[in-house]
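Colleague: Build me a model:
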Amino acid sequence: MMHKNLRSFIAQLSREKEIVEIRAEVDPCLELAEIHRRVVREEGPALLFTRVKGSTFPVASNLFGSVRRMEMAMGPRPEAIVKQAVAALDRLLPPSLKSLWEERGWLLDAARCGTRRVSSGSAPVLEASMPEVDLYKMPVITSWQEDGGAFFTLPLVYTQKPGSRDHNLGMYRMQVFSKNQTGMHMQIHKGGGFHFYEAEKRGQALPATVFLGGPPALTIAAITALPEMVPELIYASFLMGGKINLVDIPGHPHPLVAEAEFALCGEVPPGIRKAEGPFGDHYGYYSLIHDFPVFSVKRIYHRTDAIYPATVVGIPRQEDYYIGEWMQDLLSPLFPVIMPGLKSLWTYAEAGFHTLCGAVVRESYFREALAHCFRILGEGQLSLTKVLMTTDADLDLKDFSTLLQSILE
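Modeller: Here you go, the predicted model:
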């Protein structure tokens, strides 16, 4: 089914007995995260904490923490369309009326993606707002003992390129500094980092909107390493199988995702950096203290009964393992199209995905494989790869031991 918001997904999880409600009071500082980790370790259900100390908002976590829940969130449709599209390329290039008609089923389905404006009365995110911004009223979690503070761990950060309508939706962790200010872990090689770089060159603040919740497809789109020219909202709409509802509000340059649980509206001012961290990271150590831009929150809108989504980062496997595996299965048929000579590619969740990458490439002449390696290492976030292992043997890259044996031989 198509989930246009978080609660639709939670309702399905409840029907399928894939979520457990925890009614005992839980502290968002360390305790909630430890419960989450123990459940993940046992491959347990999603969690809904209804009594969170210091906040009136419930917390949902581990929503995507299994293969079955990822399939429930996204359904089989996106993967089917990608496979159909790749298989049809030879027939569609060059396009003809006959070939387009023969492929009309998935083409029309894909063409339905996009955004649409709705009225403020049809936007649940505008049901309520905080009279005064106070981030301490939100159940922001502290995950590890040496963390620098509480962090937003599933923020959907929306920015637009200065002087343009081009947008980016990324996921950048945000440490709470005060009632109305957080860190903004925007790295320069990410879309939001590009936008902030351009704004700061002009001496301007970068308007930003942070969404929490909304369609599950929105979270997946924000995490996916898309090419810069692919808008995340359009990609999210494709994954969801319907248009993303947006609503305009006075005094803020960005439309809001109408079905989000929360919308934090503000800006990232130029020339300001604050120390962020430590942060318990993916590989079992703390990322160190570094200076990052800050996010000044001016307004907070939310549903009346808003649910706060959170996740916990740590040594694999965590919840992000299942998200990453699903995304790779979806996008892997496209890699040979984008990079001719590449037969298949896989990154390994146990190493944090892009850190360790395996590829099967063509080698029809001496050192052709080396050229393909350089091509892979120049592609988007694959440029962050630390170790790339390539072979021309026809093998299943998901089986790392077979890949390693092939490389060693």
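
Colleague: okay, and the helix or strand of the chain with the least pLDDT?
Modeller: None of the helices or strands of the chain scores lower by mean pLDDT, DSSP states H and E than helix 104-111, at a mean of 66.

Colleague: quick one: residue 288 from residue 279, how far?
Modeller: Per CB to CB, to the nearest Å, residue 288 is found 9 Å from residue 279. Yep, even glycine has a C-beta here, placed from its N, CA and C like the rest.

Colleague: Now do the strands in the stretch 201-350 of the chain.
Modeller: According to DSSP state E, counting those that start in this stretch, the stretch 201-350 of the chain carries its strands in the segments 206-212, 244-247, 256-257, 262-268, 274-276, 279-280, 286-287, 290-292, 294-302, 308-310, 342-348.

Colleague: for the ones you listed, which one sits closest to residue 24?
Modeller: Checking the strands of the stretch 201-350 of the chain against residue 24 by CB to CB gives strand 308-310 as the closest, at 17.3 Å.

Colleague: tell me the centre residue of the chain?
Modeller: residue 223 (2.3 Å; CA atoms, centre = their mean).

Colleague: Please name the nearest non-neighbouring residue to it.
Modeller: Distances taken as CB to CB, 6 or more residues apart in numbering place residue 171 nearest to residue 223, at 5.5 Å, with adjacent residues excluded.

Colleague: Tell me, how many residues neighbour the one you found?
Modeller: Residue 171 has 21 neighbours, counted by other CB atoms under 10 Å.

Colleague: For the residue nearest to the centre of the chain, give its distance to residue 378.
Modeller: 22 Å.

Colleague: What is the burial count for residue 280?
Modeller: So residue 280, with other CB under 10 Å, has 22 neighbours.

Colleague: For the protein, which segments are assigned as helices?
Modeller: 6-15, 31-41, 67-74, 77-92, 97-102, 104-111, 191-201, 216-223, 232-240, 319-331, 335-338, 368-377, 400-408 (DSSP state H).

Colleague: do you know which of those lies nearest residue 154?
Modeller: Per CB to CB, nearest to residue 154 of the helices of the chain: helix 216-223, 6.5 Å.

Colleague: Relative to the whole chain's centre, how far out is the closest one?
Modeller: Taking CA atoms, centre = their mean, to the nearest Å, the mean C-alpha location of helix 216-223 is offset from the chain mean by 4 Å.

Colleague: can you start the count at 259 instead of 1 from here on
Modeller: Happy to do that; since the first residue is 259 now, the last one works out to helix 474-481.

Colleague: what's it in contact with?
Modeller: 261, 264, 267, 321-322, 331-332, 412, 414-415, 427-429, 469, 490-491, 493-495, 497-498, 502, 515, 518, 567, 578, 581-582, 584-585 (CB atoms under 8 Å, 6 or more residues apart in numbering).

Colleague: Return the set of buried residues in that helix.
Modeller: 474-481 (16 or more other CB atoms under 10 Å).

Colleague: now do stretch 566-583
Modeller: For stretch 566-583, by 16+ other CB under 10 Å, it's 566-572, 574, 576-583.

Colleague: and which of those is nearest to residue 290?
Modeller: residue 568 (7.6 Å).

Colleague: give the contact list for the closest one.
Modeller: 290, 294, 317-319, 397-399, 411-412.

Colleague: next one: residue 585
Modeller: Here residue 585 is in contact with 478, 481-482 (criterion: CB under 8 Å, 6+ apart).

Colleague: Now that we have those, can you turn them into a markdown table and tack on pLDDT and distance to residue 279?
Modeller: A markdown table is the format used below for those (pLDDT from 0 to 100; distance: CB to CB, whole Å):
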| residue | pLDDT | distance to residue 279 |
| --- | --- | --- |
| 478 | 91 | 24 |
| 481 | 87 | 26 |
| 482 | 82 | 30 |
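
Colleague: Export those to CSV and append columns for distance to residue 523.
Modeller: Shown next, in CSV, are these (distance: CB to CB, whole Å):
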residue, distance to residue 523
478, 23
481, 22
482, 24
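
Colleague: since we're on residue 409, how many residues are nearby?
Modeller: For residue 409, using other CB under 10 Å, the count is 25.

Colleague: Likewise for residue 598?
Modeller: 9.

Colleague: ok, now residue 425?
Modeller: 18.

Colleague: Also the one 10 residues further on?
Modeller: Using other CB under 10 Å, residue 435 has 19 other residues around it.

Colleague: Quick one: residues contacting it.
Modeller: 407, 441, 532, 552.

Colleague: Need the pLDDT of it.
Modeller: pLDDT recorded at residue 435 is 98.

Colleague: and if you look at residue 261?
Modeller: 92.

Colleague: ok, back up a step: which of the contacts of residue 435 lies closest to residue 393?
Modeller: Checking these one by one against residue 393 (CB to CB), the nearest turns out to be residue 407, at 10.8 Å.

Colleague: My guess is the closest one contacts residue 434. True?
Modeller: Yes: if you go by CB atoms under 8 Å, residue 407 and residue 434 touch, sitting 5.7 Å apart.

Colleague: higher neighbour count, these two?
Modeller: Taking neighbours as other CB under 10 Å, residue 407 and residue 434 compare with residue 434 leading, 20 against 16.

Colleague: Nearest to residue 386, out of the helices of the chain?
Modeller: Nearest to residue 386, of these and by CB to CB, is helix 264-273 at 15.2 Å.

Colleague: can you list contacts of that closest one?
Modeller: Residues from elsewhere that reach helix 264-273, judged by CB under 8 Å, 6+ apart: 259, 261, 276-277, 303-304, 306, 318, 321, 327, 330-331, 471-474, 517, 519, 565, 567.

Colleague: I appreciate the help and will end here.
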